[in-house]
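# sequence and computational prediction follow.
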Amino acid sequence: MELSKRSAKKLAEAYRLQLGEVKTKLEQTKRELDDAYVCFNGATDPGLIDETIYRINALDARYSRLIGDAREKSAAFRAAETASRRRRRTEERI
């Protein structure tokens, strides 16, 4: 299905915004993960050590999922941008 110029541009913009949101979540999760490691390194209480290990594992899983989301959104954004450029070039030739 061929997208109109406006549709392709809107789709590319939507993916760009989604990619920005994922990047923001990645940065936040990375900061939380760094904080959890600092807490783990300073922990002496066995309960606190267990808690920080659980937190680190949860944050690591979230970070991995967000990396996958970022790759997916990035690929979709590039595809939409390419479609938008193709449409623009086609219209310029006409």
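Thanks, I have it. Numbers count the residues shown, from 1 in each chain.

# all helices for the chain, in order.
5-42, 46-93 (DSSP state H).

# and the ones you listed, which one's lowest on average pLDDT?
Ranked by mean pLDDT, the helices of the chain bottom out at helix 46-93, with a mean of 86.

# let's have the helices of the chain in CSV, adding mean neighbour count.
(Each C-beta comes from the backbone N, C-alpha and C, glycine too.) Below are these laid out as CSV (neighbours: other Cβ atoms under 10 Å):
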stretch, mean neighbour count
helix 5-42, 15
helix 46-93, 14
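
# spit out the contact partners of the residue nearest to Ile53 when sequence neighbours are not counted.
Using Cβ to Cβ, 6 or more residues apart in numbering and skipping the chain neighbours, the partner closest in space to Ile53 is Phe40 (6.9 Å). Phe40 makes contacts with 49, 52-53, 56, as judged by Cβ atoms under 8 Å, 6 or more residues apart in numbering.

# of those, closest to Arg62?
Ile56 (10.8 Å; Cβ to Cβ).

# wait, the closest one sits on Tyr37?
Yes: look at Ile56 against Tyr37 with Cβ atoms under 8 Å: they come within range, at 6.7 Å.

# and stretch 37-48, how far out from the chain middle?
Between the centre of stretch 37-48 and the centre of its chain there are 29 Å (Cα atoms, centre = their mean, to the nearest Å).

# I meant stretch 52-66, not that one.
15 Å.

# cool, stretch 66-86 as well?
Put simply, stretch 66-86 sits 11 Å off its chain's centre (Cα atoms, centre = their mean).

# got the contact list for it?
Stretch 66-86 has contacts (Cβ under 8 Å, 6+ apart) with 3, 5, 8-9, 11-12, 14-16, 18-19, 22-23, 25-26, 29.

# hmm, 6 Å instead?
3, 8-9, 11-12, 15-16, 18-19, 22, 25-26 (Cβ atoms under 6 Å, 6 or more residues apart in numbering).

# and stretch 17-24, by the same measure?
66, 69-70, 73-74, 77.

# hmm, 10 Å instead?
65-78 (Cβ atoms under 10 Å, 6 or more residues apart in numbering).

# quick check: Ile49 vs Asp69, distance?
30 Å (Cβ to Cβ, to the nearest Å).
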